[in-house]
Structure formats: C-alpha cells, structure tokens
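Asker: just coords:
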C-alpha cells in the first residue's frame with residue numbers, strides 16, 4: 001500500500017514554442033488543496049484505491065485499510081500488507097488483532113527500502129500522474145472557468161477528482177504484476193544481508 005498527493009501544480013515542466021517565440025502558459029495562481037490517492041496492489045492488479053480530500057492521518061489510514069481488506073478477494077491468511085514507515089502508517093499493526101482480519105500480516109519495510117514495496121515499483125504512481133498531466137493540459141480552459149453555482153476552489157477540486165478517476169485505469173494489471181515480480185529480484189540479496197541496489 002502507498003499514497004500520493006495530487007494538486008494543481010501537477011503539470012508538465014517543459015514545453016515547446018515556435019522558433020523565435022517564448023514558451024509560456026497560463027497557470028493557476030496557487031497549487032490549491034491536496035487530494036490524496038491511496039491504493040493497494042497485488043500481482044493481479046489494483047486491489048483497492050480511494051481518493052480523499054484533506055489530510056490523511058493514522059486514524060484515516062487504519063479505516064482505509066479496513067475497507068481495503070473487506071474488499072480483498074483473498075482469505076485473510078493469504079494477505080500481507082507491505083507498507084513503509086510513513087507517519088500515517090503508525091497504527092496499522094493493531095488491525096492484525098481484530099477478529100474480522102485475523103490472519104492478516106502487516107510487513108513494514110526498513111527506511112530507504114522502497115525497492116521492496118511493490119507499489120513503489122510503480123514509480124510512485126507515474127502512469128496515473130502522466131495521464132493526468134496530459135488531460136489537464138488538454139482541458140486547461142475547463143479548469144480555469146468555474147461553474148457559476150460553486151466556488152472556484154470547489155470547482156478545481158472536482159476537476160482534479162474527475163481527472164484522477166479518468167487516469168486510474170492507466171495502472172494496469174500487467175504493470176502491477178511487473179512491479180510485484182521486480183521486487184522479488186531483491187529477496188536473495190536481502191536474505192544474504194547485502195546492500196540494497198537502488199534504481200534497478
């Protein structure tokens with residue numbers, strides 16, 4: 001499992017222009033509020049994901065994991081939740097003691113061990129974010145023109161949520177399978193207490 005943030009600063013950092021002209025683009029004056037995207041993958045694809053506005057604290061993370069486990073098709077004895085040591089993940093082990101989730105294992109990776117978490121093998125949601133950048137570039141005018149009956153902030157949050165929903169299918173089952181398989185190449189070295197190769 002892992003989470004990422006999305007806001008209006010999610011845009012391409014390079015552009016093109018005609019020879020002799022400057023490349024410029026109109027942008028929103030502020031990045032706006034964050035929307036968190038939280039997900040869990042397995043070798044068969046995205047098991048469960050949600051988007052939420054505002055902060056994502058440890059209580060929210062525990063509730064999210066309960067919903068994800070209820071949505072999981074596997075028996076609880078076959079489920080291992082791999083997570084990092086983010087502050088929001090502090091109390092996840094408590095869920096193992098709940099009768100409804102008996103058999104679930106929560107496995108924390110050590111600091112700087114991103115290659116051992118399969119969802120980090122998706123390069124921090126890059127496929128979804130790339131699709132959002134393309135979509136937001138093409139629909140920029142829609143983002144800058146709010147609907148009359150709602151505030152500009154609410155309009156932009158809804159705009160981001162629509163873009164997230166449209167971009168999530170870019171994380172395919174094949175990508176998830178490759179990410180899970182890629183993690184396994186590090187197992188032998190970890191068991192031999194070798195240094196973890198980063199970026200491979």
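Answerer: Here it is on my side, so go on. The model shown is predicted, which means the values in this text are computed figures rather than measured ones.
Asker: which helices and strands does the lowest-mean-pLDDT helix or strand in the chain pack with?
Answerer: Lowest mean confidence among the helices and strands of the chain (mean pLDDT, DSSP states H and E): helix 140-144, at a mean of 80. Helices and strands touching helix 140-144, by 3 or more CB pairs under 8 Å, 6 or more residues apart in numbering; DSSP states H and E, are helix 152-167. Bear in mind the C-beta positions are built from the backbone N, C-alpha and C, glycine included.
Asker: run through who's touching the helix it packs on.
Answerer: Applying CB atoms under 8 Å, 6 or more residues apart in numbering, the external contacts of helix 152-167 come out as 6-8, 28, 32-33, 35, 37, 51, 53, 128-129, 131-132, 135-136, 139, 142-143, 146-147, 150.
Asker: so after that helix, what's the next helix or strand?
Answerer: Where DSSP states H and E defines the elements, the next helix or strand beyond helix 152-167 is helix 173-184.
Asker: what about that next one, distance to the chain center?
Answerer: Centre-to-centre, helix 173-184 and its host chain are 15 Å apart (CA atoms, centre = their mean, to the nearest Å).
Asker: ok, and what's touching the very next helix or strand once past it?
Answerer: Proceeding N to C from helix 173-184, the next assigned helix or strand is helix 187-191, under DSSP H and E. Helix 187-191 has contacts (CB under 8 Å, 6+ apart) with 116, 195-197.
Asker: just the buried residues of these.
Answerer: Buried by 16 or more other CB atoms under 10 Å: residue 116, out of those.
Asker: among the contacts of helix 187-191, which pair sits farthest apart?
Answerer: Maximum pairwise distance among the contacts of helix 187-191 (CB to CB): 12.9 Å, between 116 and 195.
Asker: please enumerate the strands of this protein.
Answerer: Ranges of strands in the chain, per DSSP state E, are 2-6, 35-42, 45-53, 80-83, 105-108.
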